Every structure is written in C-alpha cells, then in structure tokens.
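Trainee: got a structure for you, letters missing:
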C-alpha cells in the first residue's frame, strides 16, 4: 500500500478499521477450525480437553472447552450454524473483496456505485445473467421498486434507492451496511433504514440534534 498517495493517506482511519475487522474475522475463523477439529467430534467425552494443535496453550484450551460446554453457548452454536446455512450468499467477485471491486470501478468510471447497482454487479455473471434464480428475483424486485418511484415522479437518488433496498431485503442490523462489504457502517451511507424502530439514520440524527437543543434551552432557563 502506497502511504505517500494523498487519497490513501486520507483513508488511514478507515483502512485501520477494516484491517482490525479482518483480523478479528481471521481470529474467529481460527477458533472455529479448532473447535470443529478438536472439540465438536468429542463432545461428551474427556478427549475434548486435549487439543492436538501445538500452538494452543493447554490451560487456555481447557478454559475454552468449559466455555463451549455451557448450555447457553451450546444453544447459540446450534442457532448460529443454522443461520449460516440459511443465509449463505454467493457473488461473482471471486477472491476480490467488495471494497476492492468498488474502488476499481470508481477508478475506471469515475463515479461511485449505489447499493442497488453494486448488488447487481456482484451477483451477475459476465454474460449478464444472475448467478441463480434467487438473486435474479432480488434484482428484478429492485428494478420494480425503482420503476414504482419513477412512476410517482420521484427523483431516484441514493436515499430512494436505499429505501428500495430496505423494502426488498429488510432493514440494517447492528450498525452494519449489507452489500458494500466490511468496514461500511451506518454513518457512511445516507438514507439507510435501520432495524431499530425502522427509521433512517438521518431521522435519528435530526432527533438527536433536537434533543440537544431542548437540553440547552432547559439549562438556560
């Protein structure tokens, strides 16, 4: 990475945030692989306390096993496995990250991709066909929503597109923004609809600003 490049340097904090997220993902994946190989096959037996990976501290492994043994964590593990199987998503980016695909597109075409266009780009093959019928239907639903807005004479801007994204795929959760990859949060995208009370981030900010003004008036009295 060229830190002498002003554009790269201006994104230092964002790059740091993404790197930290990636490291966290790698760490979770590593623990998951250990659990799958040295714990899951031996549940209910004493052998689960022995990890064959020499990189793992024996004492720490036993503490981790006791943590995994808790009924609450057993239930969470089953639920998480089921959710991963139900929520598996395919795309056409290959080994490239979404951030890299977005950056390369913006460099070539000198314009940013909105979420609907980016979703279509990353779930469509080179021949123009969606990767499967499920994503083909989602893309068609996006087009239908945009047509509804156009028929109402609404200007199709990003806030409107994000409203369409919500109406097709539901609200955003846990300060994450689906469709743009790691490192993109609510504060980075205007007009997204969040799960909390199903309000947009912009409305939340206006409400917060209003409450600050009210507090200031009350203090002045």
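Mentor: Nice, thanks for sending it over. Remember, it's a predicted structure, so these values are computed and weren't measured experimentally. Residues are numbered from 1 along each chain as shown.

Trainee: pLDDT below threshold where in this structure?
Mentor: 1, 83-89, 196-221 (pLDDT under 70).

Trainee: domain-wise, how is it divided?
Mentor: Using automatic domain parsing, the domains assigned to the chain come out as 6-86, 98-205.

Trainee: looking at those, which one is packed in the most?
Mentor: Among those, ranked by average contacts under mean count of other CB atoms under 10 Å, first place goes to domain 98-205 (a mean of 15). C-beta: built from backbone N, CA, C; applies to glycine.

Trainee: so how far is it from its chain's centroid?
Mentor: Offset of domain 98-205 from its chain centre (CA atoms, centre = their mean, to the nearest Å): 12 Å.

Trainee: how far off centre is the biggest helix by length in the chain?
Mentor: Secondary structure assigned by DSSP state H gives helix 12-38 as the longest helix of the chain. Helix 12-38 has its average C-alpha position 14 Å from the chain's average C-alpha position, going by CA atoms, centre = their mean.

Trainee: what's the angle from the helix or strand that that helix is followed by to helix 12-38?
Mentor: Downstream of helix 12-38, the first helix or strand assigned by DSSP states H and E is helix 58-69. Between the axes of helix 58-69 and helix 12-38, defined by axes from the mean of the first three to the mean of the last three CA atoms, to 10 degrees, the angle is 90 degrees.

Trainee: what lies in contact with the next helix or strand along the chain from helix 58-69?
Mentor: Next helix or strand after helix 58-69 toward the C-terminus (DSSP H and E): helix 71-86. Contacts to helix 71-86, defined as CB atoms under 8 Å, 6 or more residues apart in numbering, come from residues 67, 68.

Trainee: right, and residue 131 touches residue 120 too?
Mentor: No. Applying CB atoms under 8 Å as the test, residue 131 and residue 120 come out as separate, 11.0 Å apart.

Trainee: among the domains of the chain, which is nearest residue 92?
Mentor: domain 98-205 (5.9 Å; CB to CB).

Trainee: contact partners for residue 21?
Mentor: Residues counted as contacts of residue 21 (CB under 8 Å, 6+ apart) are 182, 183.

Trainee: distance of it relative to residue 174?
Mentor: 13 Å (CB to CB, to the nearest Å).

Trainee: residue 94 too?
Mentor: From residue 94 to residue 174 the distance is 27 Å (CB to CB).

Trainee: same deal with residue 111?
Mentor: Residue 111 is 29 Å from residue 174, by CB to CB.

Trainee: how about residue 33?
Mentor: As judged by CB to CB, residue 33 and residue 174 stand 24 Å apart.
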